[in-house]
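A.B. asks: sequence and predicted model, in that order:
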Amino acid sequence: MHFFEYKDRQLYCEGILIREIAEKVGTPFYLYSYHTLVRHFTVFDDAFKGIPHLVCYSAKANSNLALLRLFINLGGGVDVVSGGELYRALKGGAVPQKIVFSGVGKREDEIEYALKTGILMFNVESSQELQVINEVASRIGKKAAIAIRVNPDIDPKTHPYISTGLKQNKFGIDILRAPMAYRLASQLPNLKIVGIDCHIGSQLVEVEPIIEALRRLKQLVENLRKDGMEIQYLDLGGGLGITYEDEEPPHPVEYASTILEELQGFGCTLILEPGRVIVGNAGVLVSKVLYTKENEEKRFVIVDAGMNDLVRPSYYGSYHQILPVKEETREEIVADVVGPICESSDFLAKGRKMAILHSGELIAVMSAGAYGFSMSTNYNSRPRIAEVLVRDDQMFVIRKREGYEDLIRGEKIPDFLIRS
Ligand code: LLP
């Protein structure tokens, strides 16, 4: 069952024509399907039914309040990596005891905010961070629940920019040094050890590296338990990949069943931090073709969405399928689909074999629900675009398009410049 589908040669999101949404909100905009979001979360969550677990949706993938609320309504927790994401999670109605706080560079004010909120645990990434959390906790008279993020030194076989579990990556504490960090934590009076954590990378298309990481973590937990430490939560992070082009990642049920096999009877509550697998294919970016042009070498399709709206193709060379909103028989061409930004790296597709597109028509850039809006910027002073959620035949603007006023909010010309 797909929720972005052609009917009568027109692309729909659930029960609404994408063209009609574009007429109401203008272009470009992000568009999410409610039923797809619900299905993805539920399938993932249900797949782990066999053991005590908590799905902490990774807010960085898409942190719109409406989406956070939707997953929270389904019983989800939230994985946050900044004070800002914690604020969003709370505004979305998250239960503090279902929030985990990851990230390699937490500031004191963020730590204090999280302590006052009463989150489930900090995933700590260095010994110095342990010390700082202990200090902040003691200053405000709290005890901080912590897990140590272990770097298991495993190649997740994904894009180097989104590999996080190798020695050369900045993330976590080297697995060989982790026992030392746990010992330190056990001596700090305002810390309470509750768990262990890892996250080896994103857009993973194989389960083996995850299972290998899990085995290494289990071994460490057994040793820690021998030393009298109680490890209640085992957080495996996120990372399960999706199909953008022809990747064949494991289905969440397959992913879950191999993990469950490893963890049956291990006596930990499993925490998962999925992002992309929940929202990636539940959203598209809708844009309008402004112009087309060609020279002896190339054809360009110039659209009104740029790398500031969706940076993944420019940044990682990522593939996103591009579909015309109106389906018709078309000539095949090879073209670059580019945005209006003044950078040669501003493209949504490069050398793409595709159906010819004409000026004025709408396109849908597929699989854009994850790391789309959340990585967007105001570069070239472009207001950030609208986000729309569709449920059956109803549409909801869940973030209105920014205006020019938003671009200069907070800026100030100092008096001396006005007077001179
Ligand atoms: N947990 C931690 C600690 C993470 O660092 C991440 C992602 C996740 C969970 C969620 O991972 P997911 O399930 O979405 O793979 N901007 C890149 C992806 C960066 C991922 C960063 N960390 C992209 O557009 O592909």
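C.D. replies: Yep, that arrived.
A.B. asks: check contacts around the residue in the stretch 301-420 of the chain that the ligand sits nearest to.
C.D. replies: Of the stretch 301-420 of the chain, the residue with the smallest distance to the ligand, taken as Cβ to the nearest ligand atom, is Tyr371 at 3.2 Å. Glycine gets a C-beta too; all of them are placed from N, C-alpha and C. Contacts here follow Cβ atoms under 8 Å, 6 or more residues apart in numbering; on that basis Tyr371 touches 60-62, 275-276, 312.
A.B. asks: now do 10 Å
C.D. replies: Taking Cβ atoms under 10 Å, 6 or more residues apart in numbering as the criterion, Tyr371 is in contact with 60-62, 162, 202-203, 275-276, 279-280, 310-312, 315-316, 318.
A.B. asks: could you find the closest non-adjacent residue to the residue nearest the centre of the chain?
C.D. replies: Using Cα atoms, centre = their mean, the residue of the chain that lies closest to the mean C-alpha position is Ala61, 1.7 Å off. Computed as Cβ to Cβ, 6 or more residues apart in numbering, the closest residue to Ala61 that is not its neighbour in sequence is Gly275, at 3.0 Å.
A.B. asks: isn't the one you found right up against Gly239?
C.D. replies: Yes - the pair Gly275 and Gly239 passes the contact test of Cβ atoms under 10 Å, sitting 8.5 Å apart.
A.B. asks: which one's more surrounded, these two?
C.D. replies: Per other Cβ atoms under 10 Å, whichever of Gly275 and Gly239 has more neighbours is Gly239, with 30 against 25.
A.B. asks: low-scoring stretches of this structure, by residue?
C.D. replies: 1, 420 (pLDDT under 70).
A.B. asks: against which helices or strands is the longest strand along it packed?
C.D. replies: Of all the segments assigned as strand in the chain under DSSP state E, the longest by residue count is strand 283-294. Strand 283-294 sits against strand 10-13, helix 18-25, strand 29-33, strand 299-303, strand 322-324, strand 332-338, strand 362-365, strand 386-391, with contacts defined as 3 or more Cβ pairs under 10 Å, 6 or more residues apart in numbering; DSSP states H and E.
A.B. asks: switch these over to a markdown table; also include distance to the ligand.
C.D. replies: Formatted as a markdown table, those follow (distance: least, Cβ to the nearest ligand atom, whole Å):
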| stretch | distance to the ligand |
| --- | --- |
| strand 10-13 | 22 |
| helix 18-25 | 23 |
| strand 29-33 | 14 |
| strand 299-303 | 20 |
| strand 322-324 | 17 |
| strand 332-338 | 18 |
| strand 362-365 | 13 |
| strand 386-391 | 17 |
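A.B. asks: comparing these, which comes out most buried?
C.D. replies: strand 29-33 (a mean of 26; mean count of other Cβ atoms under 10 Å).
A.B. asks: that one pairs with which strands?
C.D. replies: Taking DSSP bridges as the criterion, strand 29-33 sits next to strand 283-294 (antiparallel), strand 386-391 (parallel) in its sheet.
A.B. asks: so what are the domain limits for the protein?
C.D. replies: With domains defined by automatic domain parsing, the chain comprises 4-31+280-407, 34-276.
A.B. asks: how long is the first one from one end to the other?
C.D. replies: Going back to what we said before, that points to domain 4-31+280-407. Between the opening and closing residues of domain 4-31+280-407 we find a distance of 32 Å, counting by Cα to Cα, to the nearest Å.
A.B. asks: kindly report the residues of this protein close to the ligand.
C.D. replies: The interface of the chain toward the ligand, taken as Cβ under 6 Å from any ligand atom, is made up of 58, 60-61, 79, 102, 162, 199, 202-203, 237-240, 273-277, 312, 316, 370-371.
A.B. asks: just the buried residues of those.
C.D. replies: In terms of neighbour count (16 or more other Cβ atoms under 10 Å), the buried residues within these are 58, 60-61, 79, 102, 162, 199, 202-203, 237-240, 273-277, 312, 370-371.
A.B. asks: restricted to strands, list the residues you listed.
C.D. replies: Using DSSP E, the members of these that fall in strands are 58, 79.
A.B. asks: among the buried ones among the residues of the chain next to the ligand, which are in helices?
C.D. replies: Using DSSP state H, the members of those that fall in helices are 276-277, 312.
A.B. asks: mind putting those residues into a markdown table with distance to Leu323?
C.D. replies: Rendered in a markdown table, the data for these read as follows (distance: Cβ to Cβ, whole Å):
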| residue | distance to Leu323 |
| --- | --- |
| Arg276 | 20 |
| Val277 | 21 |
| Arg312 | 17 |
